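Novice: Here is my input; please provide its structure:
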Amino acid sequence: MLTRLGCYWRALSTGLCFVVYGSLSFVASLTVLPLLMLWPGGTEARERRIRLFVSWTFRALLWLIELLGIGCIEVQGREWLEQADGKLVVATHPMYLDVVVLLTLMPFADCVVKSAMLRNPFYRHFTKAAGYISNADSEMLMETCVGSLKRGRTLVLFPEGTRSVPGEPMRFRRGAAHVALRGGCEILPVMIHCSPPTLLKSSRWYHVPERPWRLTVRFYPPRDLAALGHREGLPHGISARHLTCSLEDFFKQQLTSHEYPDRRTEAAHHSLARS
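Specialist: As a prediction, this is how the structure comes out:
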């Protein structure tokens, strides 16, 4: 009975978080955003302050999620964030909040967003003003991503392309590998795992687990392309395929070695809301 009541509470709280955040985002787009746009400074300075504001709102959302007992965040390997500039951040994508957590930790990073976000009345104004990269045009997307790395920025990509499907093998698309090869950059791997699984691609927001979830975000040391098996002289397409397989193997190995699906103990977590 208590378990069922807990599920009802977390389902209701999850819906409340989405409604509150969406509503406040819409209000802020009509009030705060115009002020941020009018503040003196060029395009880059404007985008940085808007991204910082977005990051603050994400932090507030995560704080509310933890306050309501829905879930919490554990971050490991924070020290590698200091080396994120100019690197391609390659992350797994198990749940809806992955990008929220990463942009809280890396507020000035470039990231690719679905073109649907530019049509969403609640988020489109901030998405466009922050200069996030749309995936609407595949050819322009590649050029924009490579240009981001060439300018020394941090770029976040989810090589799976969409949220993982539980029970299915991890499959990476080659887009991230093509960007890394053309950008000639190091890769910063990030393993994201949610236990118990929730906010999945195949589930509704109200399908909550029987206990609060923990989202583990683990950063690994940056790796150059050679360390991931890249060899000079190979055709670009073959190199991209090899690099994609190497990244898949790396994450599968980490998933197995850390026993994420069956963790018996929980390390002390570092709440993003309090850090």
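Novice: quick check, residue 152 in a strand?
Specialist: No - counting by DSSP: H, G, I helix; E, B strand; the rest coil, residue 152 falls outside a strand, being coil.
Novice: mind listing the strands for the stretch 1-150 of the chain?
Specialist: Counting by DSSP state E, counting those that start in this stretch, one finds strands in the stretch 1-150 of the chain at the ranges 71-76, 88-91, 110-113, 133-134.
Novice: same deal with the stretch 151-275 of the chain?
Specialist: Under DSSP E, counting those that start in this stretch, the stretch 151-275 of the chain gives strands at 155-157, 187-195, 213-219.
Novice: that older thread, what's the most buried one of the strands of the stretch 1-150 of the chain?
Specialist: With neighbours taken as mean count of other C-beta atoms under 10 Å, the strands of the stretch 1-150 of the chain reach their highest mean count in strand 88-91, at a mean of 26. Just so you know, the C-beta spots here come from the backbone N, C-alpha and C atoms, and that holds for glycine as well.
Novice: quick one: average confidence on stretch 204-215?
Specialist: The average pLDDT for stretch 204-215 rounds to 88.
Novice: then it to CSV, C-alphas only?
Specialist: Extracted in CSV, the C-alpha atoms of stretch 204-215 (Å, rounded to 0.1, in the frame of the first residue of the first chain):
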residue,chain,number,x,y,z
ARG,A,204,4.9,7.8,-20.4
TRP,A,205,6.0,10.4,-17.9
TYR,A,206,3.6,8.9,-15.3
HIS,A,207,5.1,5.4,-15.6
VAL,A,208,7.3,5.8,-12.5
PRO,A,209,9.3,3.1,-10.8
GLU,A,210,8.5,1.7,-7.3
ARG,A,211,11.2,3.7,-5.7
PRO,A,212,13.0,7.0,-6.4
TRP,A,213,15.4,6.9,-9.2
ARG,A,214,19.1,7.7,-9.1
LEU,A,215,20.7,9.2,-12.3
